[in-house]
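*Asks:* kindly return the folded structure for what I paste below:
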Amino acid sequence: MYEMLSSFAQTWGLGLFVLMFMVALAYALWPGNQDMFREAAHQPLNEKAPSDD
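*Replies:* Below is the predicted model:
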């Protein structure tokens, strides 16, 4: 019973993580998200320092 459950978890767990990785990669590289990620990357540079107030 343990071997069967372990084999099932290893096989389908790997498949699940590969699928999740592919979805995350597609989301990150989707052309429509490019502007959002570019804005997020430059936001720390655009904020004022706390001592500027």
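
*Asks:* buried set for whichever strand or helix holds A40?
*Replies:* Using DSSP states H and E, A40 sits in helix 34-46. For helix 34-46, a neighbour-count test (16 or more other C-beta atoms under 10 Å) marks nothing as buried. The C-beta positions use only the backbone N, C-alpha and C, and glycine is treated the same way.

*Asks:* got it, and stretch 10-25?
*Replies:* Buried, per 16+ other C-beta under 10 Å, within stretch 10-25: nothing.

*Asks:* how far away is the spatially most central residue of the chain from W30?
*Replies:* The centroid of the chain falls nearest to A24 when counting by C-alpha atoms, centre = their mean (4.5 Å). Distance from A24 to W30, counting by C-beta to C-beta, to the nearest Å: 11 Å.

*Asks:* the longest helix along the chain vs helix 34-46, what angle?
*Replies:* Longest helix in the chain, counting residues (DSSP state H): helix 2-29. Helix 2-29 runs at 80 degrees relative to helix 34-46, counting by axes from the mean of the first three to the mean of the last three C-alpha atoms, to 10 degrees.

*Asks:* just use 46 as the starting number from now, easier for me
*Replies:* Renumbered: residue one is now 46, and that last one reads helix 47-74.

*Asks:* centre of the chain versus helix 47-74, how much separation?
*Replies:* 14 Å (C-alpha atoms, centre = their mean, to the nearest Å).

*Asks:* mean confidence for it?
*Replies:* Averaging pLDDT along helix 47-74 yields 93.

*Asks:* for the helix holding A85, packing partners?
*Replies:* With contacts defined as 3 or more C-beta pairs under 8 Å, 6 or more residues apart in numbering; DSSP states H and E, helix 79-91 has no helix or strand neighbours.

*Asks:* next one: that helix to chain centre, how far?
*Replies:* 16 Å.
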